[in-house]
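Asker: below is the sequence, then the predicted model.
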Amino acid sequence: MDPMMEMFVFESNQNLEQLEQILIQSEKNGSFSTDEINDIFRIMHTLKGSAAMMVVNEVAALAHAMEDIFFYLRENKPEHVDCSSLVDMILDAADFIKKEIDKLDAGEKADGAAEELIALTKKTLANLKQANEGIGAAADESTSKKKILPGNIEPIAALRGKADVAVIDLDEPVNVFQALIIYQPDCEMENIRAYTVLNNLKNYIAEEHHYPADILEDETSIDVIRKQGFSLCFTTSKDYDEVLELLNQTIFLKDLKLVQLLDVTQWEHWKTEEKAALPADLVEKKDVQKVEASKTIKKAEPKENAHQSMISVNVGKLDILMDLVGELVIAEAMVTQNPDLHGLELENFNKAARQLKKISSELQDGVMAIRMVPLTGTFQKMNRIVRDMSQKLNKTVELHLVGEETEVDKNVIEHISDPLMHVIRNSIDHGIELPEDRQKVGKPAAGNIILEAKNAGSEVVINIVDDGKGFNREKILEKARANHLIHKNEADLTDREIYAFVFAPGFSTNEKVTEFSGRGVGMDVVMKNINAVGGNILANSEPGKGCSITFKIPLTLAIITGMNIRIGRARYTIPIASIRESFKPSPKDIIIDPDGNEMVMVRGKCHPVVRLHELYHIDTAVKEFTEGIMVMVKTEKMILGLFADELLGQQQIVVKPIPSFIKNISKTLGITGCTLLGDGSISLILDSVGIVNRII
Amino acid sequence: MKRILIVDDAAFVRVVLRKTLEKIGYEVVGEAEDGESALEKYKELRPDCVTLDIVMPVMDGMEILQELLVIDPQVKVIMISAMGNDHHIKEAMKNGAAHFVVKPVKEELLAEALLKTIGL
């Protein structure tokens, strides 16, 4: 995509996000603060400007209409403002703009029509004005549309005696001129350009008339000027050549017709319509009107990044960097753990090797840090979801964000957004009760959802806690039974395991399918998304009190610590995070269950055994449990015993994805990637969850 | 080559303006995204001309214009505006801006504005 377009899309999306946040805040407060008005105005203005630059006209026009409303709010400070409905309208407009920008982002045309929205906006502004008219409208140049009769002395009198206006020496001959200014097409804002002409002339002229008369307030004047040109008539002590020179300095001038007259009454527009004197403000004494806009230079509170030195970097470049660093880690291992060095006493080499390792490690950390992005943006998007849903379902819900400055890898952010939305939607739809119902059980009418993020060692933990009515244990069990999801004795199932069923595919205890939920597609997709980034979900609940869902996501996606194992001649790696323990089983540890499945006993509990060589059809001599090694791995659902030949040792590994051509031709469930070992051989990375799914 | 300072809070707009200006034969010696930086850069670079966006955060285009005039009463400023900012543009022109150009910025018009303001 054209880099210009990329920038436009990026910046506009940022602006739209910021806009949303401000609007939701305003709505909560029930009114717009001065800062909020200024910020919204500025955002609309920026959107309008950029859209205009990219010729995305519908968006520009819509942003313009919005800007007008906020200009009115800013300048006139009306008292009767229906904040809530205004916010609704602006959010609708923002949604339209977002859609159009998404189209552009996808390489399509932004072909949406904003006509209706614009009309609605204009009407809203008109209503706003009407509702507030007569209540001290602020300084507004509109006022006087005085019909000036010929020979009006006013302007001259007004000019006379004003200290900083050049005094016209009326003893000198007074010349009368008529000028017709034709502007170049497309220079825009011809009415203001006309005004500028008057402004530039004001010190040299006494009496003045122009047509169209109302150039500042009447927008149709632009059309008139475009069609017929801007006509003026004035008296001055300058002579023809001097006037010609002055007027020729007009910018974007296409044509100028200057004629000297004997009398102002000879002006071509003399009898027609209204003729105005110099717009009132050009005549005022002190016309340096400090625009009130940002009178108090308050430091705008930036929500996210403060004004540090920032550059934006293409994520693709970061990915390349990450890959390289990964390769470096492997290469470093290949050097320092090279089989050639086996058994050699190399003190100096070892020292140097340690230094190399240290630096690679720091480099790795540094690159990771670059890719780390605070969760702030993602979290704040949830404000909108909560707002929309609570409105639609007639519930009052407050969202509390904690720890939004916690950072995660950029990749992770993309995978977290949808799951969060789902969980929160669920909370509001099923968890939080209607206000009356809440009050009946002594809860505050407004439901609470706490969205919290924090770092816990090498993981990021995200909690979504609500104070609704919690999971319905019985219903879940029922549904789980119906979907044949229960493989243990029901009595043995812990609450946690029961709640975990909610994440199974096709699961939903909802009788009806609503716009928001009930199709049973939500929660398992959430699980998939979180698994995709190597994370886990835990669900907990207290009936009547609420629900808590926890995402646990490993901090580093691509570089993890793994335990290498050998099966036959093949190498596999198991992420250390999922290993509970490993041991050489003795005969008494293994039992066969009634169905004929092999189980291993650990501390009085039975766990299924997976013979990896059978699962992956590997040739190996080690078939007896006592000759190999049992690695206990834990997943959400259960603990498994993986049986392999031998443990080879721990290592930092860089996870590379399985190439797609392999995925296509072979079942790879249970394998999440591959990596290069220190000796250059390839090891497949085992995914316990995947293995569990394969054997059930 | 005549030297220009671009002032606009949208990075995107700055990029487009820079390209256009360079194409029509001017040297962009600096870019500023807010008032403070605009004033600093003006003092440091003393360009021949400044292109200035009307609406900016913290320090408005108008204020920046006024501050620039304090630093240099002869400063040449071309306001860049989007449609509908009549009020601001009017004030800016009254207060000493040289010219204004409306977005989308057409090359020929910008060229003429610059020509009339500072020459080639």
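Answerer: Yep, it's here. Numbering: from 1, shown residues only, chains lettered A, B, ... in the order given.

Asker: contact partners for the nearest residue to A:Gly377 once chain neighbours are set aside?
Answerer: Leaving aside its chain neighbours, A:Gly377 sits nearest to A:Glu17 (6.4 Å; criterion: CB to CB, 6 or more residues apart in numbering or on different chains). C-beta coordinates here come from the backbone N, C-alpha and C atoms, glycine included. The contact partners of A:Glu17, taken as CB atoms under 8 Å, 6 or more residues apart in numbering or on different chains, are A:377, A:380-381.

Asker: quick one: buried ones out of these?
Answerer: Listed as buried from the contacts of A:Glu17 are A:377, A:380; burial here means 16 or more other CB atoms under 10 Å in any protein chain shown.

Asker: which secondary element of the chain has the worst mean pLDDT?
Answerer: No chain in the question, so chain A it is. The weakest-scoring helix or strand in chain A, judged by mean pLDDT, DSSP states H and E, is helix A:154-159 (a mean of 37).

Asker: please refer instead to chain B.
Answerer: helix B:86-94 (a mean of 83).

Asker: CA-only coordinates of that helix, as PDB, when you get a sec.
Answerer: C-alpha atoms of helix B:86-94 as PDB (Å, rounded to 0.1, in the frame of the first residue of the first chain):
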ATOM      1  CA  ASP B  86     -13.400  30.500   7.500                       C
ATOM      2  CA  HIS B  87     -13.400  32.100  10.900                       C
ATOM      3  CA  HIS B  88      -9.900  31.100  11.600                       C
ATOM      4  CA  ILE B  89      -8.500  32.000   8.200                       C
ATOM      5  CA  LYS B  90     -10.100  35.300   8.400                       C
ATOM      6  CA  GLU B  91      -8.500  36.100  11.700                       C
ATOM      7  CA  ALA B  92      -5.200  34.800  10.400                       C
ATOM      8  CA  MET B  93      -5.300  37.000   7.400                       C
ATOM      9  CA  LYS B  94      -6.200  40.000   9.500                       C
END
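
Asker: and that helix, what other elements does it pack with?
Answerer: helix A:190-201, helix B:61-71, strand B:77-81, strand B:99-102 (3 or more CB pairs under 8 Å, 6 or more residues apart in numbering or on different chains; DSSP states H and E).

Asker: cutoff 10 Å now
Answerer: helix A:57-76, helix A:190-201, helix A:280-283, helix B:61-71, strand B:77-81, strand B:99-102 (3 or more CB pairs under 10 Å, 6 or more residues apart in numbering or on different chains; DSSP states H and E).

Asker: closest one to B:Ala11 among those?
Answerer: Within the helices and strands packed on helix B:86-94, the stretch nearest B:Ala11 is strand B:77-81; the backing value is 14.3 Å (CB to CB).

Asker: what's the neighbour count on residue 18?
Answerer: No chain was given, so I picked chain A. 19 (other CB atoms under 10 Å in any protein chain shown).

Asker: please go with chain B instead
Answerer: Count around B:Arg18 with other CB under 10 Å applied: 16.

Asker: does it belong to a helix, a strand or coil?
Answerer: helix (DSSP: H, G, I helix; E, B strand; the rest coil).

Asker: ok, it touching B:Val105?
Answerer: No - counting by CB atoms under 10 Å, B:Arg18 stays clear of B:Val105, with 11.4 Å between them.

Asker: identify the contacts common to the two.
Answerer: B:Thr51 (CB atoms under 10 Å, 6 or more residues apart in numbering or on different chains).

Asker: could you confirm A:Lys109 falls within a strand?
Answerer: No - read with three-state DSSP, A:Lys109 is coil and lies in no strand.

Asker: quick one: low-confidence residue ranges for the chain.
Answerer: Reading this off chain A. For chain A, the stretches flagged by pLDDT under 70 are A:1, A:134-173, A:271-309, A:457-458, A:505-506, A:508-521, A:555-559, A:657-669, A:678, A:696.

Asker: was after chain B, sorry
Answerer: B:84.

Asker: okay if I get the contacts of A:Glu17 as CSV plus secondary structure and distance to A:Leu676?
Answerer: Below are the contacts of A:Glu17 laid out as CSV (DSSP: H, G, I helix; E, B strand; the rest coil; distance: CB to CB, whole Å):
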residue, secondary structure, distance to A:Leu676
A:Gly377, helix, 35
A:Gln380, helix, 40
A:Lys381, helix, 38
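
Asker: so the residue nearest to A:Gly377 is in which element?
Answerer: helix A:3-29 (DSSP states H and E).

Asker: and the residue of chain B that's closest to chain A?
Answerer: B:Val102 (3.6 Å; CB to the nearest CB).

Asker: give me the angle between the least confident helix or strand of chain B and helix B:61-71.
Answerer: Relative orientation of helix B:86-94 and helix B:61-71, computed by axes from the mean of the first three to the mean of the last three CA atoms, to 10 degrees: 10 degrees.
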